[in-house]
Structures are given as C-alpha cells and as structure tokens.
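Undergrad: Need coordinates for the following:
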Amino acid sequence: MAVRRPGVFVELFRAAPAKSTLLAVGPLALAAGQLANGYVNDVSPVVSISFAVTMVAFATVATDHHAAEHRRRRLEADLEP
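TA: Modelled structure (predicted):
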C-alpha cells in the first residue's frame, strides 16, 4: 500500500508558515481589498481588475519559486552525510 504524502502547499506551510503566508495569501488579500476599494470608491474597473490579475500572477510565481527553493533545500539535506 502506498504511503500518502501531504500536498506541496501543506508541506510548504508546515516548513515556513510566515513566508508561505506572505507569498501566497498576502497578494490575494491585497487583490480582494483593491477590488472592494475600487467598487466602493467608483474607481475604474480596469484599474482594479488589472491590479488583481497582477497580484494573482505574482502570488503564483512567488509560490512556485518558494516551492522550488524548498525542494532544493530538502534534496540538499538528503544528500549531506
């Protein structure tokens, strides 16, 4: 029977919870806040939506980079005697 491993995101959040939260959840919260702020203050939807899309793209790239860094460190720790 195969051993079930936790997901990559769960592993990242267990290894570095503060950094993972800042890179994955922080930009998404900023995007949601900007969308709400734009709606409340009658800002052009183009500005709010473009900011939100940029923040989602940043969160994706930053989280992927953080996951790659975590995998590299784990592999290096496995190789050390």
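
Undergrad: Now the terminal residues of stretch 14-32, how far apart.
TA: With Cα to Cα, to the nearest Å as the measure, stretch 14-32 spans 25 Å from end to end.

Undergrad: same for the helix ranked longest in the chain, what does it pack against?
TA: Ordering each helix of the chain by length in residues (DSSP state H) puts helix 45-79 first. Contact partners of helix 45-79 among helices and strands, from 3 or more Cβ pairs under 8 Å, 6 or more residues apart in numbering; DSSP states H and E: helix 8-15, helix 17-20, helix 26-40. For glycine as for every other residue, the C-beta is placed from the backbone atoms N, C-alpha and C.

Undergrad: Give me the contacts around the second one.
TA: In this case it means helix 17-20. With Cβ atoms under 8 Å, 6 or more residues apart in numbering as the test, helix 17-20 has contacts from Phe9, Leu12, Phe13, Thr63, His66.

Undergrad: redo that, cut-off 6 Å
TA: Helix 17-20 is contacted by residues Leu12, Phe13 when judged by Cβ atoms under 6 Å, 6 or more residues apart in numbering.

Undergrad: Take the helices and strands packed on helix 45-79 and lay them out in TSV including mean neighbour count, mean pLDDT and distance to Ala57.
TA: Formatted as TSV, the helices and strands packed on helix 45-79 follow (neighbours: other Cβ atoms under 10 Å; pLDDT from 0 to 100; distance: least, Cβ to Cβ, whole Å):
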stretch	mean neighbour count	mean pLDDT	distance to Ala57
helix 8-15	14	85	17
helix 17-20	14	92	18
helix 26-40	15	95	9
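
Undergrad: Among these, which comes closest to Arg71?
TA: helix 8-15 (8.6 Å; Cβ to Cβ).

Undergrad: quick one on the thing from earlier: need the helices and strands packed on helix 45-79 in TSV with distance to Arg73, can you?
TA: Putting these into TSV (distance: least, Cβ to Cβ, whole Å) gives the following:
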stretch	distance to Arg73
helix 8-15	9
helix 17-20	12
helix 26-40	22
